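> fold the following, please.
(2 chains)
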2 protein chains.
Amino acid sequence: MATLNYLTTTHFDYGAVSKLSSELTKASISKLFIATDTGVRAAGLVDKVTGALNADFAISIFDETPGNPTEAAVTKAFEQYTSDGCDGVLAIGGGSSMDLGKAVALLAGSGGPMAQYDPLAGGGQLVKGVAPLIAVPTTAGTGSEVSVGFVIIMNDGRKLTFASPLFIPKAAICDPELTMGLPSMMTAATGMDAITHCIEAFLAPASNPPAEGVALDGLWRGWRHIQAAVKDGTDREARWQMMMCSTEGALAFVKGLGAVHAMSHAAGRIERLNLHHGTLNAVFLPAVLRFNAPECGDKYERLLQAMGLAPGADIAEAITAMNADIGLPSGLAAMGVEEDDIPELIAYAQKDLAALSNPRRASADDFEMMVRQSL
Amino acid sequence: MATLNYLTTTHFDYGAVSKLSSELTKASISKLFIATDTGVRAAGLVDKVTGALNADFAISIFDETPGNPTEAAVTKAFEQYTSDGCDGVLAIGGGSSMDLGKAVALLAGSGGPMAQYDPLAGGGQLVKGVAPLIAVPTTAGTGSEVSVGFVIIMNDGRKLTFASPLFIPKAAICDPELTMGLPSMMTAATGMDAITHCIEAFLAPASNPPAEGVALDGLWRGWRHIQAAVKDGTDREARWQMMMCSTEGALAFVKGLGAVHAMSHAAGRIERLNLHHGTLNAVFLPAVLRFNAPECGDKYERLLQAMGLAPGADIAEAITAMNADIGLPSGLAAMGVEEDDIPELIAYAQKDLAALSNPRRASADDFEMMVRQSL
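Purely as a prediction, here's the structure:
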């Protein structure tokens, strides 16, 4: 049975940071813990956001978020949150900072250690509360600002997805201005992350037509504007549309994701490479679209419509061409993935939460075929 | 600036009434006030819903909801609610019963009389609280089960739209089984109501892309299934899809509606005729689509895509043809509207809340032209 829930308050437009003070107050946050990373801080975005605050808030900044956030970083951040007496989290950054912020909010509301909340061991039942969190994305890709989940690499090497309606931020402040300085490579990679969210969420088999409508609308916007955003980072319309695609992708993936994310999570664990999640999604997407086609009925025709492609066109080919056009790597090999990485990658992808909502059940052989197609 | 909020928990599928007991308990309702009408009750639907309760609830049934609910009926219902010591509302029926139920919940939470909440006189500020309400639709059209609003004809003859996030039901139970016995004429009229919600919400100028995606998805479903639902009321797939179209239409119209609804509200006030809201929407829709076209940019192309029509096709003509095919009246004259009704209809439509969110500003002359085209 479909149970439909829609999510959080989202202030969305150029200038949306002006809404931050009132949302912090509404969430009863007075001592801010800012979760961010060095790149975001160096780009001046933390100053830009805190500069928009129109009241005095005590602020503690943690800028050591890794590209793929780890349990160790979460633990360190939570120690800082506690010792500075914070009462809420303000996440400023891409998916990494927002996900780390969500993990800190969980520990602040329900206590540590992180490992006890292992979703694969029923840890969700131990989630009693979550400290208030406001999310301010500075990339257009992850959509973590409106999503129920976050992803952490645990001390034991597993990359776990934690999900609960309690993890949805109290409010999201989506100001495309904050993405204007994003380099073209990051615009491309995060943009394809958002587009992948829209496509995988739409194809996931759960019954949730409103989420499917949101996904197709996000895809409609993202596919039409990603090239402009990559080629001219100052294109304000394209930046707005890509950020909306990102938000819509995450509103949609309450339905679930699929094999692309299962493999991206698996490859994102390879420590020596520290690969970008959105780039991985872009690279895996064509093979998964080919694999899923037989199980998706008329859904590919709706994807084609949303993308403005001709009926019957090859979506996988269109994605491959788009990746090339916006400067993303042609495959895993170009990103440094080696033959020896494949067995663990497959084993991990099979067990990833996202594999469960892929529209076509994928065996180890299927995953191997898709990984090899993506090399 | 876009501020996006999505709405309430919706249990949606055949058998969804099984979720009612737990939702009533979650909403702390133990003494149920059932808002319904004689037709719904005579069709056995109240018994069907209460028969699905798996615990003892005290029940007070009010079945005198008029086709277009009035302030007088609301007052009478609230007296019964109070004298029977109820602590929450269960609305079972179409838009009339759900809207009356919402009004009773408002009076129960904030006190009477109804007139003090006049939205055109700032009455919304007096809304302090609303008694818990669960909505169980028995038609697929209004979507009131997930919407922020309700419409009441006041003692002074005005038809007012009350709207607040507080009026959203605590939960919606959407069980297409409850629509299986709906006569074909009502299936057609309510179905076109839902389709009109999707179209007007999509075209409303507010910035809310997720709502636009939901609207297009609802339209995609409704347009493909309305004929099957009308022609064979036992078509379970068509009934499911029409109910989803209805729910999605109302999820979408947080964006606003338009001139169709402004005129339907105006015509719905003509007491001697007691016209059906959905039928009125169907009849006004073609003229409004012609009038709005110059202001809607590429949006008509997206509507055509959702409806499976050829690029550049005439949407207004397609609606007229659909109305004829499913047995709806060809125009207002066939419904009993007379020349003498027109001046008041125009004057009222101009002042209706829905007129404000029409994509093209309509003068009195414009409304007259649209009314005359719809005769």
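> just the CA atoms of stretch A:159-176, as CSV, please.
The C-alpha coordinates for stretch A:159-176 follow below in CSV (Å, rounded to 0.1, in the frame of the first residue of the first chain):
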residue,chain,number,x,y,z
LYS,A,159,29.2,2.6,3.8
LEU,A,160,25.8,2.7,5.5
THR,A,161,22.7,4.5,4.6
PHE,A,162,20.7,5.7,7.6
ALA,A,163,17.1,6.7,6.9
SER,A,164,14.2,8.1,9.0
PRO,A,165,11.7,10.8,8.6
LEU,A,166,13.3,12.2,11.8
PHE,A,167,16.5,12.9,9.7
ILE,A,168,14.7,15.4,7.4
PRO,A,169,16.0,18.9,8.2
LYS,A,170,13.6,21.2,9.9
ALA,A,171,14.0,23.5,7.0
ALA,A,172,16.0,23.7,3.8
ILE,A,173,17.4,27.0,2.5
CYS,A,174,18.0,26.6,-1.2
ASP,A,175,19.8,29.7,-2.5
PRO,A,176,21.2,29.2,-6.0
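> that one: which residues count as buried?
A:159-164, A:166-176 (16 or more other Cβ atoms under 10 Å in any protein chain shown). Every C-beta, even on glycine, is put in place using the N, C-alpha and C of the backbone.
> kindly report the residues of the stretch 251-375 of chain A close to chain B.
A:251, A:302, A:305 (Cβ under 8 Å from any Cβ of the partner chain).
> so which of the buried residues of stretch A:159-176 are in helices?
If you go by DSSP state H, the buried residues of stretch A:159-176 have nothing in helices.
> also within reach of chain B: list those from these.
Okay, of those, nothing touches chain B (Cβ under 8 Å from any Cβ).
> distance of A:Asn68 from chain B?
Applying Cβ to the nearest Cβ, to the nearest Å, the value for A:Asn68 to chain B is 28 Å.
> does that residue really touch A:Ser96, like I thought?
Yes. Applying Cβ atoms under 8 Å, one finds A:Asn68 in contact with A:Ser96, separated by 6.8 Å.
> which one's more surrounded, the two?
A:Ser96 (26 against 22; other Cβ atoms under 10 Å in any protein chain shown).
> nearest spatial neighbour of A:Asp118, chain-adjacent residues omitted?
A:Leu160 (6.4 Å; Cβ to Cβ, 6 or more residues apart in numbering or on different chains).
> quick check: that neighbour touching A:Gln116?
No. Counting by Cβ under 8 Å, A:Leu160 sits too far from A:Gln116 to count as a contact (11.9 Å).
> which residues touch the residue nearest to A:Asp118?
A:118-120, A:151-154 (Cβ atoms under 8 Å, 6 or more residues apart in numbering or on different chains).
> least confident of these?
In terms of pLDDT, the weakest of those is A:Leu120, which scores 86.
> just confirm that one is within a helix.
Yes. A:Leu120 forms part of a helix when assessed by DSSP: H, G, I helix; E, B strand; the rest coil.
> from chain B, how far off is it?
26 Å.
> for A:Ser357, same thing?
18 Å.
> confidence score at the closest residue to that residue other than its chain neighbours?
Using Cβ to Cβ, 6+ apart and skipping residues adjacent in sequence, the residue nearest A:Ser357 is A:Gly256, 2.7 Å away. Note on A:Gly256: pLDDT of 92.
> how many other residues sit next to A:Gly256?
Count around A:Gly256 with other Cβ under 10 Å applied: 21.
> my read: it touches A:Leu356, true?
Yes. A:Gly256 lies in contact with A:Leu356 (Cβ under 8 Å); the separation is 7.2 Å.
> in the stretch 101-250 of chain A, which spans are strands?
For the stretch 101-250 of chain A, the strands defined by DSSP state E, counting those that start in this stretch occupy A:133-137, A:149-153, A:159-163, A:171-174.
> A:Ala206 is nearest to which of those strands?
strand A:159-163 (13.4 Å; Cβ to Cβ).
> buried set for the helix of greatest length in chain A?
Ranked by residue count, the top helix of chain A under DSSP H comes out as helix A:209-231. Judged by neighbour count using 16+ other Cβ under 10 Å, the buried positions of helix A:209-231 are A:209-230.
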